[in-house]
Every structure is written in structure tokens, then in C-alpha cells.
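Peer 1: Coordinates for the following, if possible.
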Amino acid sequence: MKQQQLKEYLEQLRAAVASVEASEQDKQHLSEVIAAIESRMNDAVVVDDGLVIQLERLMAGFERDHPRLAAIINNVILSLGNMGV
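Peer 2: Numbering: from 1, shown residues only. From the prediction side, this is the model:
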């Protein structure tokens, strides 16, 4: 159940990234983090703290101009925390 919720948040985040007006560099970085999390989930490898830290930094950068995107990133972080990451 927790992993399914995380997958839903990642799908929401991927859709939000596609539609947000942000720098291509920020969008690319966020897309890479999403892909890394998805890859590790599919391989049953635990997501490391480094990815969570990257998400936290990205969230901080998006908070002011893109609060919806920041909220989705926060949901991903919380979901990972609930999974023990």
C-alpha cells in the first residue's frame, strides 16, 4: 500500500514537472530524481538518503513560485519516510 501511494505521488510529480514553468535544468534534475526513485523501487532496492536530500533541496527551490509542485514533492518525501527511508 505504501509503495502504491508513492507511485501515485511520483506520477503526479512527473505530470506537474511537465507543465510547470521552471528552468530546464531544474526540471531535468527533478526528472532524474524521479527516475532514480522509480528504478530503485522496481529493483526492490531501498531509496537512499541522498535522493531524499535532493528532493528536499528541489522542494525548497520550488516553494515560492510553484507551491503545488513543492507540495507534491513533500508528499513524495513523506511517503518515503513512511516506508522507512
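
Peer 1: Show me where the protein dips below the pLDDT cut-off.
Peer 2: Filtered on pLDDT under 70, the chain yields the residue ranges 1, 42-48, 85.

Peer 1: for residue 21, helix, strand, or coil?
Peer 2: Under DSSP: H, G, I helix; E, B strand; the rest coil, residue 21 falls in the coil class.

Peer 1: So what's the residue count around it?
Peer 2: A count of nearby residues for residue 21, using other Cβ atoms under 10 Å, gives 7. In short, each C-beta sits where N, CA and C put it, glycine included.

Peer 1: The one 5 residues further on too?
Peer 2: Under the neighbour criterion other Cβ under 10 Å, residue 26 is assigned a count of 16.

Peer 1: before we move on, what about the one 3 residues further on?
Peer 2: With neighbours defined by other Cβ under 10 Å, the count for residue 29 comes to 17.
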